[in-house]
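Pasting a predicted model and its sequence here:
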Amino acid sequence: MTRTTAHRCTMICLLAAMVGIGLFMTPGSGQGEEARVTIDASQTAPPISKYIYGQFIEHLGRCIYGGIWAEMLVDRKFFYPVGSKESPWTVIGPEGSVTMDRNQPFVGVHSPRVTLKGDGSVVGIAHAGLGVVADKEYAGYIWLKGDPGAAPVMVRLVWGDNPGDAGETEIPDVGSEYRKVTFRFRAAQSTDNARLEIVSKGNGHFYVGTVSLMPADNIHGMRADTIALLKELDSPIYRWPGGNFVSGYDWRDGIGDRDKRPPRKNPAWQGIDSNDFGIDEFMTFCRIVNTEPLVVVNTGLGDVEMALQELEYANGSVETRMGQLRASNGHREPYRVKYWGIGNEMYGNWQLGHMPLEEYVKKHNEFVAAMRKLDPTIVVIAVGNVGPWTEGMFRHCADFIDLMSEHFYVGAKKDLLEHVEQAARRVREIADAHRRYRKEILGGKAIPVALDEWNYWYGEHLYGELGTRYFLRDGLGVAKALNEYARNTDVYFMANYAQTVNVIGAIKTTKTAASFETTGLVLALYRKHFGQIPVATTCSNSVLDVQATLTEAKDALVLAVVNPTAERQHLMLQPSGVKLVAPGRAWEIAGDDPMLFNEPGKPPRVSIVEREAPHSEKVEVAPYSVTLIRFATAG
C-alpha cells in the first residue's frame, strides 16, 4: 500500500466514523429555537471534487434545440413534407403548389418543389410561430435553385398584420444548381408569432434545399442569453449526448457540412434531430463555457467500431484516419476527451439495445478493452444501478471500470420537509450501498461514483417535451443534496445535474428569453462560494441542514444552511480548531412561499441576495432559505 493510498484509507475511515456517530448532523430540538452549531475544523473529510457540480445535456425536448442552439426554425431540413400535420411549414398558394421532390434532394430524402402559377399570384412556403424582439437583428440563409422565370424569390420576416410589418430580401436570380443566399432582418416589434415566408410571383418552379434563421447575436450558433447563464453556472464538466438518446444515436450523422447532415427522427424522444449539434459543436460549446467534455458512446444499438471511430475522431492525431476527417471538418487539434461514458441505463427495458446483465457485462468489457487499447489515457464510466445490476457489473467488470455511474430522480411530496429531504436521502443511500460493495465485492477497492443523472422530476410540461417548472422548495432540496455530497466525498467523484436547459433543467427558456430556475440559482451559488474541504458539523436543530467547509487554502470557512421552515432561524456557532473573523459575507436564496418560481422574460421572484454577516458567533437565516455564510479564518 502506497503512502497516498494509506492516507486515503485513513480519511475514508474517519469519514465513516463521523457519519456513524453523527458528527455531521445530529438530531435535536424543533423549529423556531436558537440552534447550536458545532464546527470542528480539525476533523476533515476528503475534499469535494469540483465535478460534483457537473451538468448533463441531452437531445431531448428543448434542451439543445430551442434551448442552447440558436436555430429558430423547427424543421429547417424538411424532414416532414411541407403542409403535413407534423410540419411547421405551410403552403402559400393553391393546393398542390408545393410537392416534395425525391430526385436528388439537397438533404434527407426530399426537398420542397414550389410550382408557380405565372399569373402574378404569390406562391411559396411559410414557417410561423417564431419569436422576435423589437430592434433585434436576425440573420439567416437559404439554399435555393429553380427555373429562371421563378425569379425574383422573396424571403420575408413578417412580425405584424400591417403591410409594412415585415423585412424583405429579394433574390433576383435563381440558378439551376443550389446556391446559398444570406439575408438579415431587424424586427420592428416583438412577437412570438413572427413568420418566415419564401415566395415568388414568377413562373416555373423553385426548390428549397434548407433554410436557417438565428438571432444575429448567436455565439457560434448558440443562444447568447443561454450561454450567459451557463457561464454563471460554471459547471466544470458536461455529459453528452445522452441519456436514452445515445442508445440509438449514430454520432457520424452529426459531423461535416451542417446543411448536409441528415435529419433523423429522435430515436428515444419526440421530434426531429437536425444533427446540427454534433460532436464538433459540443466541443465548441465546451470551449465557450470553459468546461470539460464527458462523451457517452452508444452501447445500445451501437457497436465497438462506432465507439472506436468516435474516440479516434475526438482524440486521434491528424495522422489517423478519423483525425484526418476531424481536420477536414475544420478542427485540426485533437479534443483530448478524458472522460467517456460506456452506454446509458442499459439495465432498463426502455433502453434501445437493452440486454440481460450476463450479456451486457461482456459487451461492456469488449468496449472498454478496445477503447483503452486505442487510447490508454481515457477514464471510463460504467452503467450502474444500485442493486443486482451494479453488483453484477462490479463482479464481472471491476478491472474495466474507472467510475461507476448511478442515476436517481425524485418526485413531489406533499410534506415540505419530506420533499426537501428526499434527494439528499438518495445521495446518502447510494453512498452507503457503494461502501458495502467495496467491502463485500471489491475487496476494499474504491471505484468512485459518477452520479451522472440526478434531479427532481415532476409537474406540468410548460417548456416543451418534459419541460417542468421548479419551485423554491426544489432549490432547498438541491441544496440539501449538495450538502450530502459534501458528507460523502469518499464515494462521489462526479455528479451531473440533468438536463441543464429546459426539460428538467436548471435554466428555462422561451423563444426570446432565458432565466435561472431556483435549482440553477442554488447550483451556481454553491459552485462559486461553497468551500472544498468538509469539516465535522453538528446542529442541535435536526430540521435545519447545516454543513461547514474550509476553502482549499483554509483561509476561510463557509457555512451552508438549508432552512425548510416558515420561521427565521438563529444559529449560535461554536467553532473549534479555527477562529472566525467577523464581519463575514452571506449569500441567501429565500422567499415567503416555498412554491415561488421564476419565469423567463419576467422579473425574478427568487434570486441570490448578498449581505453582510456582522457576527461570527451568531448568524440568522430567513424562512424557506438556502444561505452560504463565509468568514475569513485566523489561527
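That came through, no problem.

which residues in the stretch 501-635 of the chain form strands?
For the stretch 501-635 of the chain, applying DSSP state E, counting those that start in this stretch gives strands covering 507-509, 514-516, 533-539, 545-550, 556-563, 569-576, 579-590, 608-613, 618-621, 625-634.

Restricting to C-alpha, output the fifth one in PDB.
As requested, the backbone C-alpha atoms of strand 556-563 are provided in PDB (Å, rounded to 0.1, in the frame of the first residue of the first chain):
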ATOM      1  CA  ALA A 556     -12.000  30.900   5.100                       C
ATOM      2  CA  LEU A 557     -14.800  28.800   6.400                       C
ATOM      3  CA  VAL A 558     -18.200  28.600   4.600                       C
ATOM      4  CA  LEU A 559     -21.300  27.500   6.400                       C
ATOM      5  CA  ALA A 560     -24.200  26.200   4.300                       C
ATOM      6  CA  VAL A 561     -27.600  26.300   5.900                       C
ATOM      7  CA  VAL A 562     -30.900  24.900   4.500                       C
ATOM      8  CA  ASN A 563     -33.900  26.200   6.400                       C
END
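
Which strands or helices does that strand pack on?
strand 35-44, helix 472-487, strand 545-550, strand 569-576, strand 618-621, strand 625-634 (3 or more C-beta pairs under 8 Å, 6 or more residues apart in numbering; DSSP states H and E). (C-beta placed from N, C-alpha, C; glycine too.)

what's the closest non-adjacent residue to residue 211?
Nearest in space to residue 211, with sequence neighbours left out and distances taken as C-beta to C-beta, 6 or more residues apart in numbering, is residue 142 at 4.9 Å.

If that neighbour is in a bridge, with which residues?
Taking DSSP bridges as the rule, residue 142 bridges to residue 181, residue 211.

neighbours around it, how many?
Neighbour count for residue 142, taken as other C-beta atoms under 10 Å: 23.

my guess is it contacts residue 198, does it?
Yes: with contact defined as C-beta atoms under 8 Å, residue 142 reaches residue 198; the gap is 6.7 Å.

anything in contact with each of those two?
Taking C-beta atoms under 8 Å, 6 or more residues apart in numbering as the contact rule, the neighbours common to residue 142 and residue 198 are 155, 208, 211.

Next up, the contacts around the second one.
Residues counted as contacts of residue 208 (C-beta under 8 Å, 6+ apart) are 78, 106, 111, 112, 114, 125, 142, 143, 144, 198.

closest to residue 523 among those?
Within the set of the contacts of residue 208, residue 78 lies nearest residue 523; the separation is 38.3 Å, counting by C-beta to C-beta.

Quickly find the element holding the residue lying closest to the closest one once chain neighbours are set aside.
Spatially, and ignoring its direct neighbours in sequence, residue 78 is nearest to residue 112 (5.8 Å; C-beta to C-beta, 6+ apart). Following DSSP states H and E, the helix or strand that holds residue 112 is strand 111-117.

Then residue 391?
Taking DSSP H and E as the criterion, residue 391 maps to helix 388-397.

what residues does that helix touch?
Contact with helix 388-397 is made by 347, 357-358, 361, 364-365, 368, 382-384, 401, 404, 406, 433-434, 437, 441-442, 447, as judged by C-beta under 8 Å, 6+ apart.

just the helices in this structure please.
Under the criterion DSSP state H, helices of the chain are mapped to 3-20, 224-233, 279-288, 304-315, 321-328, 357-374, 388-397, 416-440, 472-487, 518-529.

Show me what counts as buried in the fourth one.
By that I understand helix 304-315. Judged by neighbour count using 16 or more other C-beta atoms under 10 Å, the buried positions of helix 304-315 are 304, 306, 307, 308, 309, 310, 311, 312, 313, 314, 315.

Run the chain-centre distance for it.
The gap between where helix 304-315 is centred and where its chain is centred comes out at 23 Å by C-alpha atoms, centre = their mean, to the nearest Å.

Could you do stretch 459-479 as well?
Distance, stretch centre to chain centre, for stretch 459-479: 14 Å (C-alpha atoms, centre = their mean).

go on, stretch 90-100?
Its chain's average C-alpha position is 39 Å from that of stretch 90-100, according to C-alpha atoms, centre = their mean.

how near is the residue in the chain sticking out farthest from the centre to residue 299?
The outermost residue of the chain, judged by C-alpha distance from the chain's mean C-alpha position using C-alpha atoms, centre = their mean, is residue 119 at 51.6 Å. Taking C-beta to C-beta, to the nearest Å as the measure, residue 119 and residue 299 are separated by 59 Å.

swap in residue 107?
Here the criterion is C-beta to C-beta. By it, residue 107 lies 29 Å from residue 299.

More neighbours: which of the two?
Counting neighbours by other C-beta under 10 Å for residue 107 and for residue 299 shows that residue 299 has the greater number, 26 against 22.

who's in contact with that one?
Taking C-beta under 8 Å, 6+ apart as the definition of contact, the neighbours of residue 299 are 247, 307, 342, 343, 344, 346, 353, 360, 363, 364, 367, 383.
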